[in-house]
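**Q** The sequence and its predicted three-dimensional model are supplied below.
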Amino acid sequence: MSDAAHAHDDHGHHAHPTGIMRWLTTTNHKDIGSLYLWFSLIMLFTAGSMALLIRSELFEPGMQLMHPDFFNQLTTMHGLIMIFGVIMPAFTGFANWQVPLMIGAPDMAFPRMNNWSFWLLPVAGIMLLGSFWLPGGAVAGGWTMYPPLFIQGGVSYDLTILAVHIMGLSSIMGSINIITTILNMRAPGLTLMKMPMFVWTWLITAYLLIATMPVLAGAVTMLLTDRNFGTHFFNAAGGGDPVMFQHIFWFFGHPEVYILILPAFGIVSQIIPTFSRKPLFGYASMVYATASIAILSFTVWAHHMFAVGMPVAAQLFFMFSTMLIAVPTGVKVFNWVATMWKGSLTFETPMLFAIAFVCLFTIGGFSGLVLAMAPVDIQLQDTYYVVAHFHYVLVSGALFSIFAGIYYWLPKWTGHMYNETLGKTHFWLSVIGMNIVFFPMHFLGLAGMPRRIPDYALQFTEFNQIATVGAFIFGFSQLIFLVLVLKTIKGGAKASDQVWEGAQGLEWTVPSPAPYHTFETAPVVK
Amino acid sequence: MIAGKTNTLTKLIVVALGMFGFGFALVPFYYKICEVTGINSGDEQSLVKNTQVDTSRWVTIEFDANTNEGLPWQFRTTQHSIKVHPGQLVQVEYEAANNSDHAIVGQAVPSYGPARAGAFFKKIECFCFTPQKLAAGERRQMPVLFVLDPSMDKDLHTVTLSYTFFNTNPKAQTATLPEKVPHG
């Protein structure tokens, strides 16, 4: 990536600052995309290490390694960082790199705001991680930040709330940039219904972010004023209602899970046609399905809180609206499979990750349908079944699509082909390790093991040990990915401009590595 | 193009600010919804709604209270009769007072008139389930929570629930228990 930058310092615009200032002051979408992706990778290893500590403690029943409170800090921070520090920045990184390249724009609409969007993130990251060293340790109330726990904790709770504010601000600014770029800066002839699916999914995701991130900001602001300024939004002692926080939080929280998966759908919708050497099956239905998912996502939030208590009519409404989302999601899965049908398939690493995404995300989707049923959910609420469900959609869903996207576009970014053997090793270890970690969690949940506990009853031991072994396989195989990325940046076989035989779209018309400035004259799309 | 961008930017900022306000607007909205639908008012939420109420008929329930001679208590009902639907959850109060100068443990035994009505009298909570200890001079209100089984015979229009309090200390017993101990 830095190769791409250095090779084009002579482009003649203005002298670039060097060293750290080059990255601090950059307004180039490719630089900022790389920064997002590196930030995300560092956070992946940070929050991943926390996951390994959690799994180590859970290797045996009883307390071995840590105090229960530290365990709770780890689960909370693992969740917060993986969501806000890994998956979301990675997708924003992809958007920064790819959206201008895919729509034939020279850069993002507001480059300076783009710089701000990124550099707010490390600040929030330091606030989150730094709170481990504050009195009382980091937040331990769960990533969902429910009161009353979250209005009782120490100073790290205030710091976390501010970090969430900052990350929210960063996301909103990023989304404004992405929407404005897509709506105003498409190449002549590139109508909305000709846009690549990745651009479509990001356009819809960005709208979701703008609609829900401010609501989260509002919710945590209420927490903050409850904690420090004597308001009683959620404090029952003062006439507030803690259940209301859950409603406001999940009004944000459910669209948020689609924010975490729609760009993944977009990446997979780019990769599968390339390696099937066929156009995407049902493009228009893909667009409408994505939009339907986004709209429906505002009507299902209370399925996260069936056990809180609500009238039967409300339970039925949220149960059926949740199941309704399976329809457009099913359309997408059908279209991916239909794209592969009778295609001339090859199985390079991006395609392997994309196919694993389709299979394993579907498993996560089905366990989501099980949880959507209110009577079943009341049994499974807060058990490991839920943990299994959301890790299937977030690890084998969102994270695998990120890996797929990196393998797919890395040759374009660096100009070098990655090492296919290393890539395939990374894939197989990841996919096997991931299933060993998370599949047994279904059984644990069905047997009644609650989530967020550092100790458990003896009968859960075997499945927990299997999960822990899988976690270490999965965790350490990510080092292969790190090595692969570093090796690809340093060198490797020269990548052609088109890179992949079946690749279609504007990003494959620019040289590999992509020059520092691209599409300064807009291409014309027929 | 610059104008287009600024235009989009302005609109999106307005939407973002609007949604921030919407987050706070959810607070009064939440309370209004709870108020209109009555879903967050403690009692109604915690008590399972009984869908088995037979609203097609009324049954009069008469309450009766007696004490055995061996028990120097005053025992009475707070109401003599009520009309209920079978299947409806009903709560009534009885009141007992210990007129003696020492603590006494008493046990209430119910009986029903007609006796066959007893099988349909489903008591959920009753002071007769456990012995009651009243200190000297103590007066106590005691609830009975019950449902009449909706499958109760249609020809039963009036049911009497009668309690007799006995002294649990056998030595104080001046009369034997009734010949036929009612079930319940």
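**A** Right, received. Where do you want to start?
**Q** Every contact and neighbour count from this point should use C-alpha atoms.
**A** Fine.
**Q** Mind splitting chain B into its structural domains?
**A** What the record gives for chain B is the domain set B:2-43, B:59-170, from automatic domain parsing.
**Q** So which of those is nearest chain A?
**A** domain B:2-43 (4.4 Å; C-alpha to the nearest C-alpha).
**Q** Which secondary structure elements does the helix or strand harbouring B:Leu12 sit against?
**A** Element membership of B:Leu12 [criterion: DSSP states H and E] is helix B:2-37. Counting contacts by 3 or more C-alpha pairs under 8 Å, 6 or more residues apart in numbering or on different chains; DSSP states H and E, helix B:2-37 packs against helix A:155-184, helix A:197-228, helix A:242-259.
**Q** List the buried residues for stretch A:347-362?
**A** Buried residues in stretch A:347-362, counting neighbours by 16 or more other C-alpha atoms under 10 Å in any protein chain shown, are found at A:348-362.
**Q** that older thread, run the chain-centre distance for the helix holding B:Leu12.
**A** Remark: helix B:2-37 is offset 45 Å from the chain centroid, using C-alpha atoms, centre = their mean, to the nearest Å.
**Q** in it, what counts as buried?
**A** Neighbour counts over helix B:2-37 (16+ other C-alpha under 10 Å) mark B:5, B:8-9, B:12, B:15-16, B:19-20, B:22-24, B:26-27, B:31 as buried.
**Q** For A:His16, state which of the residues you listed is nearest.
**A** When the buried residues of helix B:2-37 are ranked by distance to A:His16 (C-alpha to C-alpha), B:Lys5 comes first, at 26.1 Å.
**Q** hang on, isn't the closest one packed against A:Ile179?
**A** No. Look at B:Lys5 against A:Ile179 with C-alpha atoms under 8 Å: they stay out of range, at 9.7 Å.
**Q** And the helices in chain B?
**A** B:2-37, B:43-46 (DSSP state H).
**Q** And the ones you listed: which comes nearest A:Asn435?
**A** helix B:2-37 (38.3 Å).
**Q** Just the angle for the closest one relative to helix A:197-228, thanks.
**A** Counting by axes from the mean of the first three to the mean of the last three C-alpha atoms, to 10 degrees, helix B:2-37 lies at 50 degrees to helix A:197-228.
**Q** As TSV, the helices of chain B with mean pLDDT would be great.
**A** Converted to TSV, the helices of chain B look like this (pLDDT from 0 to 100):
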stretch	mean pLDDT
helix B:2-37	90
helix B:43-46	47
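**Q** got TSV for those, with distance to B:Trp73 too?
**A** Shown next, in TSV, are the helices of chain B (distance: least, C-alpha to C-alpha, whole Å):
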stretch	distance to B:Trp73
helix B:2-37	45
helix B:43-46	34
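**Q** Out of the ones you listed, the one nearest A:Pro513 is which?
**A** Using C-alpha to C-alpha, these put helix B:2-37 closest to A:Pro513, at 29.1 Å.
**Q** Would you tell me which residues of the stretch 51-200 of chain A are close to chain B?
**A** A:Ala109, A:Ile172, A:Ile176, A:Thr180, A:Thr181, A:Asn184, A:Met185 (C-alpha under 8 Å from any C-alpha of the partner chain).
**Q** and the closest residue in space to B:Val59 that isn't next to it in sequence, how many residues sit next to it?
**A** Spatially, and ignoring its direct neighbours in sequence, B:Val59 is nearest to B:His157 (4.9 Å; C-alpha to C-alpha, 6 or more residues apart in numbering or on different chains). Neighbour count of B:His157, defined by other C-alpha atoms under 10 Å in any protein chain shown: 12.
**Q** and if you look at A:Leu316?
**A** 14.
**Q** so it, which of the three states?
**A** helix (DSSP: H, G, I helix; E, B strand; the rest coil).
**Q** give me phi/psi at the nearest residue to it once chain neighbours are set aside?
**A** Leaving aside its sequence neighbours, A:Leu316 sits nearest to A:Ala374 (C-alpha to C-alpha, 6+ apart; 7.6 Å). Here is the backbone geometry of A:Ala374 (degrees, to the nearest 10): phi -50, psi -50.
**Q** which residues touch A:Ala374?
**A** Residues in contact with A:Ala374 (C-alpha atoms under 8 Å, 6 or more residues apart in numbering or on different chains) are A:His303, A:Phe306, A:Gln315, A:Leu316, A:Met319.
**Q** ok, now with 10 Å
**A** A:303-307, A:312, A:315-316, A:318-320, A:380-381 (C-alpha atoms under 10 Å, 6 or more residues apart in numbering or on different chains).
**Q** related to what we said a few turns ago, kindly indicate which of the buried residues of stretch A:347-362 lies nearest chain B.
**A** Distances from chain B to those, taken by C-alpha to the nearest C-alpha, are shortest for A:Phe361, at 30.6 Å.
**Q** Verify the stated contact: that closest one with A:Ala388.
**A** No. With contact defined as C-alpha atoms under 10 Å, A:Phe361 does not count as touching A:Ala388 (11.6 Å).
**Q** any shared contact partners between these two?
**A** A:Ser367, A:Leu394.
**Q** Skipping adjacent residues, who's closest to A:Glu60 in space?
**A** A:Thr461 (6.2 Å).
**Q** Give me the phi and psi angles of that neighbour.
**A** Backbone torsions of A:Thr461, given as degrees, to the nearest 10, read phi -60, psi -50.
**Q** circling back to that earlier point, now for the residues of the stretch 51-200 of chain A next to chain B: which two are most distant?
**A** A:Ile172 and A:Met185 (19.2 Å).
**Q** hang on, isn't B:Arg140 packed against B:Asn98?
**A** Yes. Judged on C-alpha under 10 Å, B:Arg140 makes contact with B:Asn98 at a distance of 8.9 Å.
**Q** can you pull the contacts of the residue of the stretch 351-500 of chain A found nearest chain B?
**A** Nearest residue of the stretch 351-500 of chain A to chain B: A:Pro375, at 15.2 Å (C-alpha to the nearest C-alpha). When contacts are counted by C-alpha under 10 Å, 6+ apart, A:Pro375 touches A:Phe306, A:Ala307, A:Gln315, A:Met319.
**Q** Repeat that for A:Val387.
**A** So A:Val387 contacts A:Phe438, A:Met441, A:His442, A:Leu444, A:Gly445, A:Pro450, A:Arg451, A:Arg452 (C-alpha under 10 Å, 6+ apart).
**Q** swap in A:Ala124?
**A** Here A:Ala124 is in contact with A:84-85, A:130, A:159-168, A:170 (C-alpha under 10 Å, 6+ apart).
**Q** what about the strands in chain B?
**A** B:59-67, B:73-77, B:81-84, B:89-98, B:104-113, B:121-126, B:132-134, B:139-148, B:158-167 (DSSP state E).
**Q** re earlier: is it correct that the residue nearest to A:Glu60 is in contact with A:Glu57?
**A** No. Contact criterion C-alpha under 10 Å: A:Thr461 and A:Glu57 do not qualify, at 11.7 Å.
**Q** Looking at these two, which one has more neighbours?
**A** A:Glu57 (21 against 16).
**Q** how near is the more buried one to chain B?
**A** 38 Å (C-alpha to the nearest C-alpha, to the nearest Å).
**Q** and that residue, what does it touch?
**A** A:Ala51, A:Met63, A:Gln64, A:Leu65, A:Met66, A:His67, A:Pro68, A:Phe71, A:Pro454, A:Asp455, A:Thr468.
**Q** Check what pLDDT it gets.
**A** On the pLDDT scale, A:Glu57 is placed at 96.
**Q** how about the residues of chain B near chain A?
**A** B:1-13, B:15-27, B:30-31, B:37-40, B:45-46 (C-alpha under 10 Å from any C-alpha of the partner chain).
**Q** Next, count neighbours for A:Gly238.
**A** Neighbours of A:Gly238 (other C-alpha under 10 Å): 12.
**Q** Distance check, it against A:Asp226.
**A** Separation of A:Gly238 from A:Asp226 (C-alpha to C-alpha, to the nearest Å): 10 Å.
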